[in-house]
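**Q** Give me coordinates for this.
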Amino acid sequence: MNTKEARKEWEMEISLYNGKPVILKKEDVRTIITDAINGASAYWCDYCGIEKPVEIDPAAPEKVKGEPEAEAIANGGELAFYTTEAFETDEEGNDIEKYPLTLDKLIKGVKTYIETCPDERKENLLILARLKDEYGLDLTYIDGYIVDEILQTALFGEPVFC
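**A** Here you go, the predicted model:
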């Protein structure tokens with residue numbers, strides 16, 4: 001993603017619900033990552049850092065809307081999450097404590113969460129935009145538990161720390 005693209009707000013269809021598209025927005029990504037690093041995942045995540053930064057046009061600082069980590073991932077960068085305690089090892093038997101997160105992995109985590117959560121939770125999690133005839137995330141409903149489950153699914157393939 002180049003500097004010009006990094007300034008744009010985006011949205012994409014990630015799933016279907018009741019026959020209508022479910023849309024994920026750049027702002028949703030910012031909110032999920034900000035909530036995760038500011039406490040929702042602190043019980044298992046020792047540190048989160050920007051692994052691959054994204055250049056944001058310094059002439060347009062108003063386009064930077066959140067935490068640096070949230071901006072990096074929302075604009076196609078990469079983050080690294082470090083666990084407080086290793087729970088798996090690599091092929092050589094070394095503890096794995098660092099897990100990279102890309103925008104694609106986070107989108108997959110959100111999609112998986114939406115598609116696998118109970119229907120009664122979906123009813124609250126998704127809000128119908130009637131004029132566009134599509135669903136979006138209701139950020140007022142997404143709490144720390146949901147953010148944490150989305151992040152763990154994105155990083156590990158499933159929630160590991162409960």
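**Q** low pLDDT regions in this structure?
**A** Flagging of the chain using pLDDT under 70 yields the residue ranges 1-7, 56-66.
**Q** Skipping its backbone neighbours, what lies nearest Asp138 in space?
**A** The shortest distance from Asp138 to any non-neighbouring residue, by CB to CB, 6 or more residues apart in numbering, is to Ile127 (4.2 Å). Quick note: C-beta positions are derived from backbone N, CA and C, even for glycine.
**Q** same deal with Gly77?
**A** Per CB to CB, 6+ apart, closest to Gly77 is Val54, 4.0 Å.
**Q** Where does the one you found sit: helix, strand or coil?
**A** coil (DSSP: H, G, I helix; E, B strand; the rest coil).
**Q** Make sure it is actually in contact with Glu69.
**A** No. Val54 is not in contact with Glu69 according to CB atoms under 8 Å; the separation is 11.0 Å.
**Q** and those two? which has more neighbours close in?
**A** Glu69 (23 against 20; other CB atoms under 10 Å).
**Q** Could I get the contacting residues of that one?
**A** Glu69 makes contacts with Ile33, Thr34, Ile37, Cys48, Gly49, Ile50, Leu79, as judged by CB atoms under 8 Å, 6 or more residues apart in numbering.
**Q** Among the residues you listed, name the buried ones.
**A** Ile33, Thr34, Ile37, Cys48, Leu79 (16 or more other CB atoms under 10 Å).
**Q** Identify the residues contacting stretch 22-34?
**A** With CB under 8 Å, 6+ apart as the test, stretch 22-34 has contacts from 9-16, 65-67, 69-71, 73-74, 79, 103, 106-107, 110-111, 114, 126, 129, 134-137, 139, 142, 147, 150-151.
**Q** Going by neighbour count, list what's buried in stretch 33-46.
**A** Ile33, Thr34, Asp35, Ala36, Ile37, Ala40, Ser41, Trp44, Cys45.
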